[in-house]
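>>> give me the fold of what follows.
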Amino acid sequence: MPVVPAVEVSNVVFRYGDAVALDGVGFTVRPGEIFGLLGPNGGGKTTLFRILSTLLAPGSGAARIFGWDVTKEALKVRGQIGVVFQNQSLDRRLSVVENLVHQGRLHGLRGAALTRRIDEALDKVRLGERRGERIETLSGGLRRRVELAKSLLHRPRLLLLDEPGTGIDPGMRREFWKHIEDLRSVEGVTVLLTTHLLDEADNCDRLAILDRGKLIGEGAPSALKDEIGDEVVSLVASEPRGLAERLRREFSIEAYVAAGAVRFEHPEGSKWAARIMEEFGPRIESATVSRPSLADVFIRKTGHGFNGGQAV
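Below is the predicted model:
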């Protein structure tokens, strides 16, 4: 029998008035994957997250969670998903365990069953010893772990995380990701997350890259970077547009300006960077040569960086 996708998004369109937030987006997530929705603010990630969380209905198209339609079968979907929103949903004045008790009751849990689920969830995120502490006394990273424990009380098959790395330092982010990896490897939980952080996106098994409501790329991070293949050269220059034009005209290099720098890809990028530095000297403030990154993938596919600067 064919495996039912954990998430199936088919040609989803959503508008806020005349503004198109999602424009025919479609992809699938396999059970057991860690799947990322990568893109800048305004790319459509949050709208799609709300649709998958059953908070919004798509204008057209369809979204399914383990085969259930998020609009027509929302109650069944909610039983399968755990959701961690970007904005904190904890009561700061209550303790860790008191927050979990209230969340468990929303899922119909009571008595000994609720106590067991709370113990189980706190054990998964290694917060058992902090159960009696008030939320207001905890660091941002620990609060994120409490949010994660809340989402696990009803043992969901799919975990939805909205910008999980926002607001916590890199060390706490790495620790949080360790918990996510454990949930996938030990519990078999499928994870779908939104992010604008490129290092976080690199941790995903596969990505869907969104920009201005459109799906512009999909695949494993390594495969997306391999599409560029060549070394990436970035030149900070006093007159970037003029430099890009001269490189195109005099050296037949397909250079363009994005995020304020002259960029191009070439199999011998290091050699060309040295030659260009020698040729143009003081006009170039700095030059970097690197292997392709997800930022390079985004720029190549959209013509602009995450800040929206247009390539020319």
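>>> can you pull out the strands in the stretch 51-200 of the chain?
60-65, 68-69, 81-84, 158-162, 190-195 (DSSP state E, counting those that start in this stretch).
>>> mind giving me the domain ranges of this structure?
Split into domains by automatic domain parsing, the chain comes to 7-80+156-219, 225-302.
>>> and these, which one averages the lowest pLDDT?
Mean pLDDT per stretch puts domain 225-302 lowest among those, at a mean of 89.
>>> give the buried residues for stretch 259-268.
Within stretch 259-268, the residues scored as buried using 16 or more other Cβ atoms under 10 Å are 259, 261-266. C-beta coordinates here come from the backbone N, C-alpha and C atoms, glycine included.
>>> ok, so of these, who is nearest Ala21?
For the buried residues of stretch 259-268, the minimum distance to Ala21 (Cβ to Cβ) is 24.3 Å, reached by Ala259.
>>> quick check: beta-bridge partners of the most centrally placed residue in the chain?
The centre of the chain sits closest to Thr195, judged by Cα atoms, centre = their mean, with a distance of 2.7 Å. Note on Thr195: beta-bridge partners Leu38, judged by DSSP bridges.
>>> close enough to count as contact, Arg283 and Ser238?
Yes: using Cβ atoms under 8 Å, Arg283 is in contact with Ser238, at 5.4 Å.
>>> so for those two, which sits in the more crowded spot?
Taking Arg283 and Ser238 together and counting by other Cβ atoms under 10 Å, Arg283 has the greater number of neighbours (16 against 11).
>>> let me see the contact set for that one.
Arg283 makes contacts with 237-239, 243, as judged by Cβ atoms under 8 Å, 6 or more residues apart in numbering.
>>> out of the strands of the stretch 51-200 of the chain, which is the most enclosed?
strand 190-195 (a mean of 24; mean count of other Cβ atoms under 10 Å).
>>> and the angle from that one to strand 60-65?
Strand 190-195 and strand 60-65 are oriented at 130 degrees to each other (axes from the mean of the first three to the mean of the last three Cα atoms, to 10 degrees).
>>> which other helices and strands contact strand 190-195?
Packing contacts for strand 190-195, counted by 3 or more Cβ pairs under 8 Å, 6 or more residues apart in numbering; DSSP states H and E, involve strand 34-38, helix 45-52, strand 158-162.
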